[in-house]
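Structure here, sequence nowhere to be found:
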């Protein structure tokens, strides 16, 4: 009995000493300077798999639905908020991870309402975990936009058929090119300038900005995000 | 012997109180964050309004062009 008690106290002493030697609180890097700013101050990085097509944070797809959206968040889904121009739904601890805690994956079936179908109404995903980490994503929807464009976005060049989403560091130059002469309307924060009748330079300020182009027949819509920095979570 | 037990028990209680306080603080910050960003959900409405009004403005410009006026290209 004595030896048992001795071992018990030695183990307890080691445990307590071990706990005390740990840092008191290891704040996630992201949470240190966030000052409760909107999540879109940082790059969107929730991985969105929409009907088999993968997007890194932001993307666009075709409606009508229903569509299956598989989300993989870098923050645990202690709280997930999904909003559109009409809906606002929140979930808690969707996916059970290790030891019953929140996980990072969720599949959402989006069945748009008539109002959501009628408007240019993206889905906005906000994920929060209890350690203060966050993640977000945006899925926009193409309606009748058919004008193709070649997009230079964040170092990548690709063809976009009617609806573009592009996120880049704020103040960095992005470019959109068309095969036909276009006119456009842009939010002032896009700082959009026509280099020629077919090439437009976009330098997004911090936050979202939108542009609509037309060649007189078809339209092209674009949602740009200028972010402050990528999320470094220190994981 | 009892002194050691008492000292260890005291440390254990102290550690538990500190852990509870830190958990409460984390929860408070978490709720503050959720409260602070709740209005961000309106971003979808803003995008919709902006793209819709741009489309209307372009339609108007095209109609003006067709009716003989030639507004210059923007930019």
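Right, received. Where do you want to start? Source: prediction; values computed, not measured. Numbering: from 1, shown residues only, chains lettered A, B, ... in the order given.

so how far is the first residue of stretch A:194-204 from its last?
For stretch A:194-204, the first-to-last residue distance is 14 Å (Cα to Cα, to the nearest Å).

same question, stretch A:178-186
Here the two ends of stretch A:178-186 are set 16 Å apart, with distance taken as Cα to Cα.

Return the distance of it from the chain's centre.
In this view, stretch A:178-186 has its centroid 27 Å away from the chain centroid, taken as Cα atoms, centre = their mean, to the nearest Å.

likewise stretch A:47-58?
Centroid displacement of stretch A:47-58 relative to its chain, using Cα atoms, centre = their mean, is 10 Å.

Can you give me the end-to-end span of it?
8 Å.

Give me the contact status of it with chain B.
No - applying Cβ under 8 Å from any Cβ of the partner chain, one finds stretch A:47-58 separated from chain B by no less than 11.4 Å. C-betas here are computed from N, CA, C, even on glycine.

Run through who's touching that stretch.
In this structure, residues lying in contact with stretch A:47-58 by Cβ atoms under 8 Å, 6 or more residues apart in numbering or on different chains are A:43-46, A:59, A:61, A:67-73, A:125, A:136-140, A:165-167, A:223, A:225.

What about the residue of chain A found nearest chain B, how many residues nearby?
Nearest residue of chain A to chain B (Cβ to the nearest Cβ) works out as residue A:194 at 3.1 Å. When neighbours are defined as other Cβ atoms under 10 Å in any protein chain shown, residue A:194 has 17 of them.

re earlier: restrict the contacts of stretch A:47-58 to contacts with chain B.
Checking the contacts of stretch A:47-58 against chain B (Cβ under 8 Å from any Cβ), the matches are A:138, A:140, A:223.

Quick check: the second one is in a strand.
I take that to be residue A:140. Yes - assessed with DSSP: H, G, I helix; E, B strand; the rest coil, residue A:140 lies in a strand.

Next up, the contacts around it.
Residue A:140 is in contact with A:58-61, A:120, A:122, A:163, A:165, A:221, A:223, B:47, counting by Cβ under 8 Å, 6+ apart.

Give me the subset of these lying in helices.
Here DSSP state H is the test, and the contacts of residue A:140 give residue B:47 as lying in helices.

how about the residues of chain B near chain A?
Near chain A, when you scan chain B using Cβ under 8 Å from any Cβ, you find B:4-5, B:8, B:11-12, B:15, B:18, B:22, B:26-27, B:29-30, B:32-34, B:36-37, B:40-48, B:50-55, B:57-58, B:61-62, B:65, B:73-75.

tell me the mean pLDDT for stretch A:178-190?
With pLDDT averaged residue by residue, stretch A:178-190 scores 95.

Sorry, wrong one. I was asking about stretch A:59-72.
Mean predicted lDDT for stretch A:59-72 stands at 86.
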